[in-house]
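Enquirer: coords please:
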Amino acid sequence: MKAFIIDRYGKDVAGRIAEMPVPTLGDDDVLVRVHAAGVNALDVKLRNGEFKRVLPYRLPLILGNDLAGTVLRVGARVTRFKPGDEVYARPGQARIGSFAEQIAVTQQALARKPANLSMEQAAALPLVSLTAWQVLVEAAQLKPGQKVLIHAGSGGVGSIAIQLAKHLGAFVATTTSTGNVEWVKALGADVVIDYKRQDFTRELRDYDVVLSGLEAGTLERSVQILKPGGQLISISGPPTPEFAAEQGMAWPLRQVLRLLSRRIRKRCEALGVRYRFVFMRADGRQLEAITRLVEEGILTPVLDQVFAFEATEQALAAVAGGRSKGKVVVRVA
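Expert: Numbers count the residues shown, from 1 in each chain. Reported below is the predicted structural model:
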């Protein structure tokens with residue numbers, strides 16, 4: 001099968017399309033013909049080698065963390081899916097590789113595609129919607145009437161997180177650039193901070209939750225707007241010792257992460273707020289709940305650009321540029 005691979009890590013690395021073996025199918029696996037694959041900042045970070053110490057993949061590596069497609073075959077213990085089903089998923093972190101014609105995904109990570117979405121629209125959803133769900137529903141346990149700041153509201157995660165937070169009954173603030181202010185208001189944001197003209201730390205006070213995927217400087221400044229007992233949740237790091245323990249990392253690496261996150265943890269502790277790092281995990285049951293919200297019209301994926309499979313390198317470059325409104329998708333089949 002054809003797949004988009006990298007042979008080494010680095011910001012200057014250009015991936016290539018190559019012939020790779022069809023994935024081996026385990027008893028709990030579903031073999032999916034990939035129709036479309038979402039492109040995420042995570043793919044760029046993996047290519048750059050930013051996670052090579054904590055996610056030791058074997059090279060050459062097939063990139064891709066989102067997919068929508070059609071079931072080709074199922075393993076002996078699979079009961080929830082059959083050939084011909086239209087499905088979508090964020091594959092487990094140990095078995096990524098959706099920039100390919102086929103991928104094997106455990107049935108636990110898979111869900112039926114929302115009936116009202118195209119394959120390209122569905123491929124835009126799994127990683128960002130699961131991230132928003134696991135931050136707002138699981139970690140923050142966001143309640144009606146609470147106030148949440150969602151940084152980068154026009155991005156892939158932000159555009160879905162705004163919609164989900166409003167569905168949960170929260171008051172939502174977000175940050176974005178001048179050209180996207182009205183656009184994120186239309187997604188449901190109650191307050192929009194134009195970061196080119198405004199300082200969010202001067203405009204916002206007494207928030208319960210901040211969701212950030214931005215750089216360390218913005219993360220540290222975000223502590224200022226939280227009320228005592230509030231939660232600062234990052235999806236870009238620095239990772240915490242708790243995350244290292246959950247991942248079963250070796251003691252030396254746990255100490256490295258402890259040092260990397262020490263500054264922000266101490267700052268939060270001094271102000272009576274909690275810092276958490278969330279690294280999204282695959283979860284088919286949560287995707288089923290998201291499917292229902294999509295089919296009810298509560299969540300709508302936002303597509304920025306759709307690239308041909310042969311242009312996967314350009315799709316990664318578009319995401320690396322950080323100017324996408326919503327998601328970038330590659331059409332594989």
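Enquirer: Ala111 belongs to a helix?
Expert: No. Remark: Ala111 does not belong to a helix; assigned using DSSP: H, G, I helix; E, B strand; the rest coil, it is strand.
Enquirer: How about it: what's its closest non-neighbour residue?
Expert: Spatial nearest neighbour of Ala111, excluding adjacent residues (CB to CB, 6 or more residues apart in numbering): Leu287 at 3.6 Å. Backbone N, C-alpha and C define where each C-beta goes, glycine included.
Enquirer: for Gly169, same thing?
Expert: In space, not counting the residues next to it along the chain, Gly169 is nearest to Pro144; the distance is 3.0 Å by CB to CB, 6+ apart.
Enquirer: Can you give me every residue that contacts that neighbour?
Expert: Neighbouring residues of Pro144 by CB atoms under 8 Å, 6 or more residues apart in numbering: 168-170.
Enquirer: Now render those as CSV, adding distance to Pro239 and neighbour count.
Expert: Formatted as CSV, those follow (distance: CB to CB, whole Å; neighbours: other CB atoms under 10 Å):
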residue, distance to Pro239, neighbour count
Leu168, 26, 17
Gly169, 30, 11
Ala170, 26, 24
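Enquirer: Using the three-state scheme, assign the spatially closest residue to Thr291 that is not a sequence neighbour.
Expert: Leaving aside its chain neighbours, Thr291 sits nearest to Pro114 (4.9 Å; criterion: CB to CB, 6+ apart). Three-state call for Pro114 (three-state DSSP): coil.
Enquirer: Tell me how many other residues crowd Pro114.
Expert: By the criterion of other CB atoms under 10 Å, Pro114 has 23 neighbours.
Enquirer: hang on, the earlier thing: next, work out how far apart the residue nearest to Ala111 and Glu203 are.
Expert: Distance of Leu287 to Glu203, given as CB to CB, to the nearest Å: 35 Å.
Enquirer: Tell me which of these two has more neighbours.
Expert: Between Leu287 and Glu203, counted using other CB under 10 Å, the more crowded position is Leu287 (26 against 15).
Enquirer: Gly38 is in contact with Ser129, isn't it?
Expert: No. The criterion here is CB atoms under 8 Å, and Gly38 misses it with Ser129 at 10.3 Å.
Enquirer: any idea how far Leu232 is from Ala152?
Expert: Taking CB to CB, one finds Leu232 at 15 Å from Ala152.
Enquirer: out of the two, which sits in the more crowded spot?
Expert: Leu232 (26 against 23).
Enquirer: What strands flank the host helix or strand of the more buried one, and is each parallel or antiparallel?
Expert: Using DSSP states H and E, Leu232 sits within strand 226-234. Note on strand 226-234: by DSSP bridges, its sheet partners are strand 207-212 (parallel), strand 274-277 (parallel).
Enquirer: what does the longest one rub up against?
Expert: Residues outside strand 207-212 that contact it (CB under 8 Å, 6+ apart) are 132, 135-136, 140, 142, 146-151, 157-158, 161, 170, 173, 218-219, 222, 225-227, 229-236.
Enquirer: And those residues, which of them are buried?
Expert: 132, 135-136, 140, 142, 146-151, 157-158, 161, 170, 173, 218-219, 222, 225-226, 230-236 (16 or more other CB atoms under 10 Å).
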